[in-house]
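J.: missing the sequence, but the structure's below:
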């Protein structure tokens, strides 16, 4: 172990209470940042879940649509117009909309209905744990996610109830298709969805366009835009970006999460800075002695930086452990906290940067030290 | 006249403080220390001894006049260059020892080599040798709190000499010690001057140090009154 490192670690550990306070500060700060960014990533993923799982090269959406959940309605005749555009292999209508699920034991709960006919693209449930897509063909059949059994007041496949007085029978069950709005998804075929939502049979929310192999996407987009009125034609990536922008920044949710992360960073930086500053102040005469016996400024700076790095490594290790527990605990929640290797690496770098930045005040203090003070009694 | 002084002050003037609180601590001090010589610097409190020691030790820069270390003037030298002069040519012994409480005796000595960037293994060996020189090889792993005042001061002396400094500046090295330990420290310092050919300057009030001196310099009111051989 180098002597600088030994000196730094012992300076840091000499006052155990202050050391614990520093580590708690770093841990609190990093866990807070971890949770906020983890929620942000989770939110970012969840707001585009449906777009990610839809089979579409292009989306025909009502003009001005801000997000997947916020579409107005298209005329079903647009489907035929879209099909006439060169390169378009399929234009599958999808209907979305909120409705009211009657809880069998009494009362009701809002649901988000998604209707799309099986076969040839569209937007269908995935991760089946009971039943399959074909199970949605019989009358009144729907698919729901098992996460929401409690909310929907059912216990599994075969449950019956109604949506807006239209009969419902749970024919398939999925796992992990959760909504960030906490409103349960109900998947069914198009016509049944129109009935459940109360939409006229000639109206749909989107047309999911699939292009023939080799078709130029931009050319098809221009053709669709020219053929259809009051619509926008978006790639999946564009629609994803638009939905994210709306939910994360249009609603302020993303800004709030970032603000929380920023707050955590500031709190952590201040706590570590305060500790390093007071630790340096306590050891000022030792730093003056180092200076007196001829150490360079950089040697003394290294002692302080090592103290900061030690705080960072110990604090981050504990924070990462707590983060993993939080991730595990929220895994099945409506908005699970996401922890990726990239986020872990970024958090480690943030911790190091935070702690090293915190050392600035201590370094400034020690840089001004007068070595002649060693002669004072 | 001393031949080839290891350290020399030439007409050094030093003002301390600012404005109404400004005082002239040194009023044209000149002195030179030679190799192999132990010089005592004596005088009443406030006479400027410690200020002179700080100036000679390159910790304070003179307001006017100059200091030469092994013939090299320190005038217009920056803080980091002065630090380099200190680590290469000067060793310090302080009344309060100034040991690092979290480091062992060995590491306290080794620190003087570590700041020079010397590699660990040779530094450890050299530090052990020097601890043996001051009679503390058996206490190498002890922490300062486990050592007596005399032992701590011997560690401080070991730290001062481990880097082969040509000049040892000691500020009241026996001030906090009893008679026996004070005698032991002065014996070591005298040996360092004689056996190792170092220039040793000791600021002291302690008359028990007089027998060890090759020369005694008296200061009063920022001036050197005389320099006599005892």
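T.: Received, thanks. Since the structure is predicted, the reported quantities are computational estimates derived from the model, not experimental observations.
J.: quick one: average confidence on stretch A:93-109?
T.: Averaging the model's pLDDT scores along stretch A:93-109 yields 94.
J.: same deal with stretch A:327-338?
T.: The average pLDDT within stretch A:327-338 is 83.
J.: swap in stretch B:70-78?
T.: For stretch B:70-78, the mean per-residue pLDDT is 89.
J.: What's the end-to-end length of it?
T.: End-to-end span of stretch B:70-78 (CA to CA, to the nearest Å): 18 Å.
J.: near chain A, anything from it?
T.: No: using CB under 8 Å from any CB of the partner chain, stretch B:70-78 stays clear of chain A, coming no nearer than 10.6 Å. For glycine as for every other residue, the C-beta is placed from the backbone atoms N, C-alpha and C.
J.: Stretch A:152-166: end-to-end distance?
T.: End-to-end distance of stretch A:152-166: 16 Å, with CA to CA as the criterion.
J.: who touches that stretch?
T.: Applying CB atoms under 8 Å, 6 or more residues apart in numbering or on different chains, the external contacts of stretch A:152-166 come out as A:99-105, A:107, A:109, A:111, A:113, A:130-131, A:140, A:144, A:146, A:149, A:167-173, A:184, A:186, A:192, A:195-198.
J.: List the buried residues for that stretch?
T.: Using 16 or more other CB atoms under 10 Å in any protein chain shown as the test for burial, stretch A:152-166 gives A:152, A:153, A:154, A:157, A:159, A:161, A:162, A:163.
J.: ok, back up a step: and the contacts of stretch A:152-166, which of them are buried?
T.: For these, buried by 16+ other CB under 10 Å: A:99, A:101-102, A:111, A:113, A:130-131, A:140, A:144, A:146, A:149, A:168-173, A:184, A:186, A:192, A:195-197.
J.: How much space separates residue A:86 from residue A:59?
T.: Distance of residue A:86 to residue A:59, given as CB to CB, to the nearest Å: 18 Å.
J.: Which one of those two is surrounded by more residues?
T.: Between residue A:86 and residue A:59, counted using other CB atoms under 10 Å in any protein chain shown, the more crowded position is residue A:59 (25 against 11).
J.: Neighbouring strands of the strand or helix carrying the more buried one in the sheet, and parallel or not?
T.: For residue A:59, the element it lies in under DSSP states H and E is strand A:58-62. If you go by DSSP bridges, strand A:58-62 pairs up with strand A:206-211 (antiparallel), strand A:231-235 (antiparallel).
J.: Which one, of these, ends up nearest to residue A:350?
T.: Among the strands paired with strand A:58-62, the nearest to residue A:350 by CB to CB is strand A:231-235 (33.2 Å).
J.: Spell out which parts of the stretch 151-300 of chain A neighbour chain B.
T.: When proximity is defined as CB under 8 Å from any CB, the stretch 151-300 of chain A approaches chain B at A:285, A:286, A:289, A:290, A:291, A:292, A:293, A:294, A:295, A:296, A:297, A:299.
J.: I'd like the distance between the first one and residue A:370.
T.: Residue A:285 sits 11 Å away from residue A:370, going by CB to CB.
J.: ok, now the third one?
T.: Taking CB to CB as the criterion, residue A:289 is separated from residue A:370 by 12 Å.
J.: Now do the same contact list for residue B:26.
T.: Here residue B:26 is in contact with B:12, B:13, B:14, B:48, B:51, B:52, B:55, B:62, B:222 (criterion: CB under 8 Å, 6+ apart).
J.: Revised request: answer the last question for residue A:231.
T.: Residue A:231 touches A:60, A:61, A:62, A:63, A:74, A:78, A:224, A:225, counting by CB under 8 Å, 6+ apart.
J.: Pull out the buried members of the residues you listed.
T.: Members of those classed as buried by 16+ other CB under 10 Å are A:60, A:61, A:62, A:74, A:78, A:224.
J.: Apart from its neighbours in sequence, what residue is nearest the fifth one?
T.: In space, and not counting its chain neighbours, residue A:78 is closest to residue A:228: 5.2 Å by CB to CB, 6 or more residues apart in numbering or on different chains.
J.: ok, now the first one?
T.: For residue A:60, ignoring the flanking residues on the chain, the nearest one in space by CB to CB, 6+ apart is residue A:207 at 3.9 Å.
J.: Isn't the one you found up against residue A:83?
T.: No: if you go by CB atoms under 8 Å, residue A:207 and residue A:83 don't touch, sitting 9.3 Å apart.
J.: The two - which one has more neighbours?
T.: residue A:207 (27 against 14).
J.: Distance of that one relative to chain B?
T.: To chain B, residue A:207 is 72 Å away according to CB to the nearest CB, to the nearest Å.
J.: can you list the residues of chain B near chain A?
T.: Checking chain B against chain A by CB under 8 Å from any CB, the hits are B:50, B:53-54, B:57, B:59-60, B:79-80, B:83-88, B:90-92, B:94-96, B:98, B:100-103, B:107, B:110-112, B:114-116, B:120, B:159, B:171.
J.: mind redoing it with 6 Å?
T.: Residues of chain B lying close to chain A by CB under 6 Å from any CB of the partner chain are B:50, B:54, B:59-60, B:80, B:83, B:86-87, B:92, B:94, B:98, B:100, B:102, B:112, B:114-115, B:171.
J.: quick one: which of those sit in strands?
T.: Residues of these located in strands (DSSP state E): B:92, B:171.
J.: Got a quick PyMOL command for the buried subset of the residues of chain B next to chain A?
T.: If you want just the buried ones from those in PyMOL, going by 16+ other CB under 10 Å, the selection is:
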select buried, chain B and resi 50+54+59+60+83+86+87+92+94+98+100+102+112+114+115+171
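J.: How about the residue of chain B found nearest chain A, nearest residue that isn't a chain neighbour?
T.: Closest residue of chain B to chain A, CB to the nearest CB: residue B:87 (2.4 Å). Spatial nearest neighbour of residue B:87, chain neighbours left out: residue A:294 (2.4 Å); criterion: CB to CB, 6+ apart.
J.: And chain A, what are its domain boundaries?
T.: Domain assignment of chain A by automatic domain parsing yields the ranges A:3-46+A:252-375, A:64-229.
J.: rank those by mean pLDDT and give me the bottom one.
T.: Among the domains of chain A, domain A:3-46+A:252-375 scores lowest, at a mean of 86.
J.: Mind giving me the packing neighbours of whichever helix or strand residue B:108 is part of?
T.: Secondary structure from DSSP H and E places residue B:108 in helix B:105-114. Secondary-structure packing of helix B:105-114 (3 or more CB pairs under 6 Å, 6 or more residues apart in numbering or on different chains; DSSP states H and E): helix B:120-133, helix B:149-161.
J.: most neighbours per residue, which of these?
T.: Comparing the helices and strands packed on helix B:105-114 by mean neighbour count (mean count of other CB atoms under 10 Å in any protein chain shown), helix B:149-161 ranks first with a mean of 25.
J.: Quick one: list the elements packing against it.
T.: Where contact means 3+ CB pairs under 6 Å, 6+ apart, helix B:149-161 is packed against strand B:90-93, helix B:105-114, helix B:179-196.
J.: Turn the ones you listed into TSV, columns for mean pLDDT.
T.: Converted to TSV, the helices and strands packed on helix B:149-161 look like this (pLDDT from 0 to 100):
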stretch	mean pLDDT
strand B:90-93	94
helix B:105-114	96
helix B:179-196	92
